[in-house]
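K.L.:
Build me a structure from this.
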Amino acid sequence: MATANASGKPTEDEAPYLQLMSALKWYDLSDRQQELYVRGFLETLSFFAHGSSARDTKTAQSFSDWTACAEREPAKRWTIMLEWVFGKLETSGAWQCFEVSEAICKKYTGKGDGQWKPVQLVSSNEWKKLSPQDREVYAIAYAETGDLMLRRTKQDSNAHRLENCMKNGGDRRFFTAAKDISVETQYPMPWSVARALGNTCH
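P.N.:
Numbering: from 1, shown residues only. I've put the predicted structure just below:
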């Protein structure tokens, strides 16, 4: 599978990122489920950035700027999937959310508190109240965003392992595991969902 180019954007002749949420499935979701997907995307992007970013003052500011944007802007701002509207049906939802993030979050540049506080939008109490279908939506957002971040940080072997796992029946095993996770209440949800994915695709 081809990787993204130097800009991080897939070109016309490159294979798309992992897609578990099709356009058809997306438009069958309720508004609340679409927003849950977006919150999963925002939390997961923060989770990967938190684990891979250099611990310096400049990076901390950028990280906290993103946290401020993700926690203050309504999730519905990310839910307009324009690639699908224009017929690019193989584009993942996570990629489309990422594409609009710069425009949405531009006004938060320099507005963060400079701390390494990850984005937290789905509490453990809310997770306990989610239906199995809702938890699957969140798990899909986690996997698609994880693939996006692995590609962008040039962790191609890990991205390929994730993609192959999902394509060979791992997606259903992962969704089942994610629905029944033991939540680590001291961390945002991706910390717990990551364990379910690791157990599925180890």
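K.L.:
Report all helices and strands that the lowest-mean-pLDDT helix or strand in the chain contacts.
P.N.:
Sorting the helices and strands of the chain by mean pLDDT, DSSP states H and E puts helix 82-85 at the bottom, at a mean of 92. Contacts defined by 3 or more Cβ pairs under 8 Å, 6 or more residues apart in numbering; DSSP states H and E place helix 82-85 against helix 93-105. The way it works is simple: take the backbone N, C-alpha and C, and place the C-beta from them, glycine included.
K.L.:
tell me what the helix it packs on is packed against?
P.N.:
helix 31-52, helix 57-72, helix 82-85, helix 132-152.
K.L.:
repeat that for 6 Å
P.N.:
helix 132-152 (3 or more Cβ pairs under 6 Å, 6 or more residues apart in numbering; DSSP states H and E).
K.L.:
that older thread, which positions within the least confident helix or strand of the chain qualify as buried?
P.N.:
Residues 83-84 are the ones in helix 82-85 that count as buried (16 or more other Cβ atoms under 10 Å).
K.L.:
Name the residues that touch it?
P.N.:
Here helix 82-85 makes contact (Cβ atoms under 6 Å, 6 or more residues apart in numbering) with 23, 91, 96.
K.L.:
So for the residue lying farthest from the centre of the chain, what's the pLDDT?
P.N.:
For the chain, the largest distance from the centre (Cα atoms, centre = their mean) belongs to residue 57, which lies 24.7 Å off. Per-residue confidence (pLDDT) for residue 57: 95.
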